[in-house]
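Engineer: got a predicted model here, sequence first, then my questions.
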Amino acid sequence: MTITATSTDLAIAHFAGKLAFETDSSDVHAAQEAGERFVLIDSRGDAAWSQGRIVGALHLPTAQIAARAPEEIPLDVPVVTYCWGPGCNGSTRAALEFAKLGYQVKEMIGGFEYWAREGYPVEDDHGPVVRAKDPLTAPVDGIITCDC
């Protein structure tokens, strides 16, 4: 495989673009803990929201974003969207709707699945849901830090 200056420039632009518009559960949790100003959007439907969600998230299904977001979220507040997980592009569709409205938006890759698997706070309609960390996604002993 030959890497040229052109392909290197394209690779840099590609990966920088991904980091500009994507985040992950570890970074979102760290931002919550640091008190950063943003709103976390659960773009799934009512049944999914009731079953379980990220603590502190706002339920705003994708189909309702255009009508509700301007009323509920100031335009200068950054938005992070999530849906079920890597097998679902609902968070991408939600992020696109926020971008169309002029919001600064990122998509949380891994979605609710990886948030829950990494042991971050989850709740359902009955209260907190305690889950063990999945050793395939997070260190089970100690605090998750992204040393990647």
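Structural biologist: Perfect, I can see it now.
Engineer: center of the protein - which residue?
Structural biologist: Met108 (2.3 Å; C-alpha atoms, centre = their mean).
Engineer: from Leu10, how far out is that one?
Structural biologist: 26 Å (C-beta to C-beta, to the nearest Å). Every C-beta, even on glycine, is put in place using the N, C-alpha and C of the backbone.
Engineer: picking that back up, contact partners for the residue nearest to the centre of the chain?
Structural biologist: Glu22, Thr23, Asp24, Ser25, Val28, Leu40, Val80, Thr81, Tyr82, Ser91, Trp115 (C-beta atoms under 8 Å, 6 or more residues apart in numbering).
Engineer: look through the chain and tell me its longest helix.
Structural biologist: The helix that spans the most residues within the chain, counting by DSSP state H, is helix 5-21.
Engineer: with just CA atoms, put it into PDB.
Structural biologist: The C-alpha coordinates for helix 5-21 follow below in PDB (Å, rounded to 0.1, in the frame of the first residue of the first chain):
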ATOM      1  CA  ALA A   5       0.600  13.300   0.300                       C
ATOM      2  CA  THR A   6      -2.800  13.500  -1.100                       C
ATOM      3  CA  SER A   7      -4.100  10.400   0.700                       C
ATOM      4  CA  THR A   8      -2.500  11.600   3.900                       C
ATOM      5  CA  ASP A   9      -4.300  15.000   3.600                       C
ATOM      6  CA  LEU A  10      -7.500  13.200   2.900                       C
ATOM      7  CA  ALA A  11      -7.000  10.900   5.900                       C
ATOM      8  CA  ILE A  12      -6.300  13.800   8.200                       C
ATOM      9  CA  ALA A  13      -9.400  15.700   6.900                       C
ATOM     10  CA  HIS A  14     -11.500  12.500   7.300                       C
ATOM     11  CA  PHE A  15     -10.500  11.700  10.900                       C
ATOM     12  CA  ALA A  16     -10.500  15.300  12.000                       C
ATOM     13  CA  GLY A  17     -14.100  15.600  10.600                       C
ATOM     14  CA  LYS A  18     -15.200  12.500  12.500                       C
ATOM     15  CA  LEU A  19     -13.800  13.900  15.800                       C
ATOM     16  CA  ALA A  20     -15.500  17.200  15.100                       C
ATOM     17  CA  PHE A  21     -18.900  15.600  14.800                       C
END
